[in-house]
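> sequence unknown, structure follows:
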């Protein structure tokens, strides 16, 4: 039996491991942290459950497919709950927009917030459906291993003006600035600037319209636990709390994986779900390929980081939906500060996650779990001491939530902590604390992104946010499908 090692137990790594094990390839997953999940880590404090994220589950069919490989059912391990509205968007003037895939309610919201823009929205929906078909259905699970594949895809991409940004294309359909923000903010959820990310990413709107937005009962961590349970039922092995320190090579072949504890095993194939830079710079540091790829990756543009405040508070808040976007007074200017200028602005937009709105089990009786997230520049652009800045920014964020939603929030807090770019760098070996790997620009997508199979070491593979198609649960699960296809073909050949 062929043997494969998957480094990292994030969603991409677990999805890949399930596919390999289902195909009869003996697979071992090695995870540095004490729990699986990668960015989808979980903390339990004073009866509250705090998910690290991601908190938005879309395209549940891509998850069900993993269980179906062995004739199993997702529902055996995970209870998915529909979330509605998907998001409530709120602006500083107090106005709001409830975003969902209920056609009648969505049309009513558009007519209320952006009178006259409904026909333009319907045209945008057709556009989103077209790029969804080209970018997700046809290309989302296809590995781009050579430039010919990119050339082949180019006509469809050019037809939809992929060189233009999501915001630019949206603005061509609707006039209301609020609706433009409502239809373009999604790229931030995968580390992209709406003003620069390719309009192909408008497919996220169609993805949500068709598949809905879901929540795993008990938290995103329960989806991780379900994937681990499936993998282990299939006979897979997972090692926790033992970071890989070296991928050994002989010539142009990956031969062995070594961990900090001294564990060392030989494998027929190795796949990394770790950070792209960490994989090449650190794990392959003795390989010429590691040295050359490190230099190449240093020239790339990396996505921003995040600052997240987790807090558990007294009381229930049925008036606050599961997901909210609290837009600040600026949109483009704020994005420029985060993506281009590398400054920590005084204002911010907040992604507020309130899981107890859908799932009371996330907090003790009569209490609520939240997190408030703001994008910040990565550490290569914003070189501040987060031990010093973190508590200050935490208070400012909680003050803003108090101003707009929960006036006495400071009196209600039972427990709180924050997670900063320095934590992404330390806990996840994320290059410069980037939260989403490479920025999803057109010039860093498909063939221009990390390849699912390395060009020089043919039994070394990549999976996760740094590879095609990119970040987000559907993205990394899609990358696993692309990578698994290559690995199974290679190992059986």
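Alright, I've got the coordinates. Being a predicted model, the structure only gives us computed values, none of them experimental.
> just give me the neighbour total for the nearest residue to residue 305 once chain neighbours are set aside.
Residue nearest to residue 305 in three dimensions, not counting chain neighbours: residue 421, with 3.6 Å by Cβ to Cβ, 6 or more residues apart in numbering. Yep, even glycine has a C-beta here, placed from its N, CA and C like the rest. Counted by other Cβ atoms under 10 Å, the residues lying close to residue 421 total 26.
> what are the boundaries of the helices in the stretch 201-350 of the chain?
Using DSSP state H, counting those that start in this stretch, the helices of the stretch 201-350 of the chain run over 203-211, 220-233, 276-277, 288-298, 332-336.
> okay, these in TSV with mean neighbour count and distance to residue 121 next?
Listed next are those as TSV, based on neighbours: other Cβ atoms under 10 Å; distance: least, Cβ to Cβ, whole Å:
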stretch	mean neighbour count	distance to residue 121
helix 203-211	21	10
helix 220-233	22	30
helix 276-277	24	36
helix 288-298	15	39
helix 332-336	16	21
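> okay, now the domains of this protein?
Per automatic domain parsing, the structural domains of the chain span 3-64+220-299+442-492, 87-211, 305-428.
> can you put those domains in a markdown table and add mean pLDDT?
Below are the domains of the chain laid out as a markdown table (pLDDT from 0 to 100):
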| stretch | mean pLDDT |
| --- | --- |
| domain 3-64+220-299+442-492 | 96 |
| domain 87-211 | 90 |
| domain 305-428 | 97 |
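> of the helices of the stretch 201-350 of the chain, which approaches residue 143 most closely?
Closest approach to residue 143 among the helices of the stretch 201-350 of the chain (Cβ to Cβ): helix 276-277, 15.6 Å.
> how far away from the center of its chain is the closest one?
16 Å (Cα atoms, centre = their mean, to the nearest Å).
> would you list the helices of the stretch 201-350 of the chain in TSV and tack on distance to residue 141?
What follows is the helices of the stretch 201-350 of the chain, written out as TSV (distance: least, Cβ to Cβ, whole Å):
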stretch	distance to residue 141
helix 203-211	14
helix 220-233	18
helix 276-277	19
helix 288-298	24
helix 332-336	30
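> of those, which is nearest residue 145?
Closest to residue 145 of the helices of the stretch 201-350 of the chain is helix 288-298 (Cβ to Cβ; 15.4 Å).
> show me the contact partners of that closest one.
Contacts to helix 288-298, defined as Cβ atoms under 8 Å, 6 or more residues apart in numbering, come from residues 249, 252, 276-277, 280-281, 283-285, 431, 454, 456-457.
> torsion angles phi and psi at the residue nearest to residue 305?
Main-chain dihedrals, residue 421, degrees, to the nearest 10: phi -50, psi -40.
> any idea how far it is from residue 282?
Noted for residue 421: a distance of 18 Å to residue 282, by Cβ to Cβ, to the nearest Å.
> likewise residue 435?
19 Å.
> the more surrounded of these two?
Taking neighbours as other Cβ under 10 Å, residue 435 and residue 282 compare with residue 435 leading, 26 against 19.
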